[in-house]
Every structure is written in structure tokens, then in C-alpha cells.
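Novice: quick one, fold the following:
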Amino acid sequence: MNDIKKVSNDLDRISDMPKLESPFVREKNENGDYVVIDEINEGYEWVFERDKVIAIEKLHGTNVSVLIEQGNITAVFNRKNRVPPYSTGKRFITQAILNSADRSYTNLKDGQWFGEVVGPKLHGNPYDLDEHLWIPFQRYSWKHLEYKSWGKYPKDFDTISRWFKDDLIPLFYSKIHGVGFDEARENGFVEGIVFTDPKTMEMAKLRRDMFDWYKGARH
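Specialist: Model (predicted):
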């Protein structure tokens, strides 16, 4: 009975990662693809107007959060679905948490922490990983996957479109494989960017496959 009560309390305290929208309006093109156009989505002006907004590489995995209590991981959630450590179908998530603990990624303060699990079982393993990893947003992505060039160039639609098409560096691939940016561009993968206001925690996402020029399968 006590274990059941604890699980219920965990579920009461956790929240789901909010659905992230594009900062640009999206419309169907002549091919029926849902693409962004040169118009700012209402309510997302902050992406382009605030100086403190950071541009973080968006990882292509599955959203997983951990609950830390007294320095220990007491629960793991895939969205709002609790992931038991013995779960056969989601064992790769448990392994991802353990692998990231070995890298000290889980040395976090008490609370709920969101991140992305990436690796061999997810989306064709675009990062060419040998093992699954849980990448916490604030602990890892904000520190290692920020595009420092954001804000140094015009924030108009055409400039951003050219940046995404020709110059978006696969930062995570470069970091995790220890290779230079040129090699990362040639062999790596980058999905897009999550624009984040660290003060308000507002976020917006922009993927490469949201642009009209993108060739290949879209979300």
C-alpha cells in the first residue's frame, strides 16, 4: 500500500514537457507539406525581440524526465508515463539514464528534470551512437549545444532560412564524437533549434524540415 501511495504522489508532482510551437506561422504548400512562412506566430515575438534568448540545438530522440529526491533518481517518466526500471519495452530508457549517470549528467538538484533520450533504438540513430544517453536540457544542452552566432546576424525569415539550410552546425555530433565542425557538417545530423528564454522558460522550436526547401521525410 505504501508503494502504491508513493507512485500516486509522484504522478501528482510531475508535469509533462509542454508542446513546443514554431515561432513562424505554418501553412500547407502546393505539395501539401506543412511549412513555415515569413510571418511571426502570434505570441512568439519574444524569440526575435529579447536579447537574452538562446538558440539550443534540438535533439531528435524521445522526451524523458527524471525525478530527483535527496540526490537520488526516484522516478523516470516518458512524457507522463512512468517507466519502471524492469520495463522490457522501455529498457533502453533505463540504460540511457544509467549511461548518463556514469557521465555525471544526472548530478542534479532535487526536482523534475527534462531531457532527451537518444541512441540506437531511436529514429535510425542519426547521431551514430553506440549506446543510449539521456541528455538533460539545462545541465547539458544549455551548456554545450548553444549556437553563439544567434543574435549576431539579422533575425529576419530569409536570413534564418539560409542559416538552417547551409550553416547549421551539428553541435551534439561534434561534441559527442570529438570531431571538428567541418567533419560534423559532412557526417553529422542536426534537426533544428529550440529557442529558449532562460528567465521565463518560454520555448519555441524550429526544425529544418519545416522549411519549404527541405528535401526528405518530414515529421
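Novice: going by C-alpha atoms from here, please, whenever you check contacts or count neighbours.
Specialist: OK.
Novice: show me where the protein has its helices.
Specialist: Taking DSSP state H, the helices of the chain run over residues 2-13, 46-49, 91-102, 142-144, 157-162, 171-177, 181-187.
Novice: TSV please, covering these and showing distance to Trp150, mean pLDDT and mean neighbour count.
Specialist: TSV is the format used below for the helices of the chain (distance: least, C-alpha to C-alpha, whole Å; pLDDT from 0 to 100; neighbours: other C-alpha atoms under 10 Å):
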stretch	distance to Trp150	mean pLDDT	mean neighbour count
helix 2-13	35	47	10
helix 46-49	10	97	16
helix 91-102	28	96	18
helix 142-144	14	95	14
helix 157-162	10	97	14
helix 171-177	14	97	18
helix 181-187	17	95	15
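Novice: quick one: which of those is nearest Gly32?
Specialist: helix 157-162 (19.6 Å; C-alpha to C-alpha).
Novice: and that closest one, what does it pack onto?
Specialist: Counting contacts by 3 or more C-alpha pairs under 8 Å, 6 or more residues apart in numbering; DSSP states H and E, helix 157-162 is packed against strand 34-40.
Novice: pLDDT averaged over the strand it packs on, what's the number?
Specialist: Mean pLDDT, strand 34-40: 97.
Novice: partner strands of it, with direction?
Specialist: Strand 34-40 pairs in its sheet with strand 24-28 (antiparallel), by DSSP bridges.
Novice: tell me the buried residues in the strand it pairs with?
Specialist: Neighbour-count burial for strand 24-28 flags 24-26 (criterion: 16 or more other C-alpha atoms under 10 Å).
Novice: just give me the closest of those residues to Val53.
Specialist: Of the buried residues of strand 24-28, the one sitting nearest to Val53 (C-alpha to C-alpha) turns out to be Phe24, at 15.9 Å.
Novice: which residues touch the closest one?
Specialist: 36-41, 44 (C-alpha atoms under 8 Å, 6 or more residues apart in numbering).
Novice: most neighbours, which of those residues?
Specialist: Using other C-alpha atoms under 10 Å as the neighbour test, the contacts of Phe24 are led by Val36, with 24 neighbours.
Novice: outline the domain layout of this structure.
Specialist: 28-59+145-212, 61-134 (automatic domain parsing).
Novice: nearest to Ala184 among the buried residues of strand 24-28?
Specialist: Of these, the one sitting nearest to Ala184 (C-alpha to C-alpha) turns out to be Phe24, at 27.4 Å.
Novice: quick check: beta-bridge partners of that closest one?
Specialist: Ile40.
Novice: and the contacts of Phe24 as CSV, adding distance to Glu191?
Specialist: Shown next, in CSV, are these (distance: C-alpha to C-alpha, whole Å):
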residue, distance to Glu191
Val36, 15
Ile37, 18
Asp38, 20
Glu39, 21
Ile40, 21
Asn41, 20
Tyr44, 20
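Novice: circling back to that earlier point, turn the helices of the chain into JSON lines, including distance to Ile68.
Specialist: Output for the helices of the chain, formatted as JSON lines (distance: least, C-alpha to C-alpha, whole Å):
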{"stretch": "helix 2-13", "distance to Ile68": "11"}
{"stretch": "helix 46-49", "distance to Ile68": "31"}
{"stretch": "helix 91-102", "distance to Ile68": "12"}
{"stretch": "helix 142-144", "distance to Ile68": "19"}
{"stretch": "helix 157-162", "distance to Ile68": "38"}
{"stretch": "helix 171-177", "distance to Ile68": "25"}
{"stretch": "helix 181-187", "distance to Ile68": "34"}
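Novice: thank you kindly, that will do.
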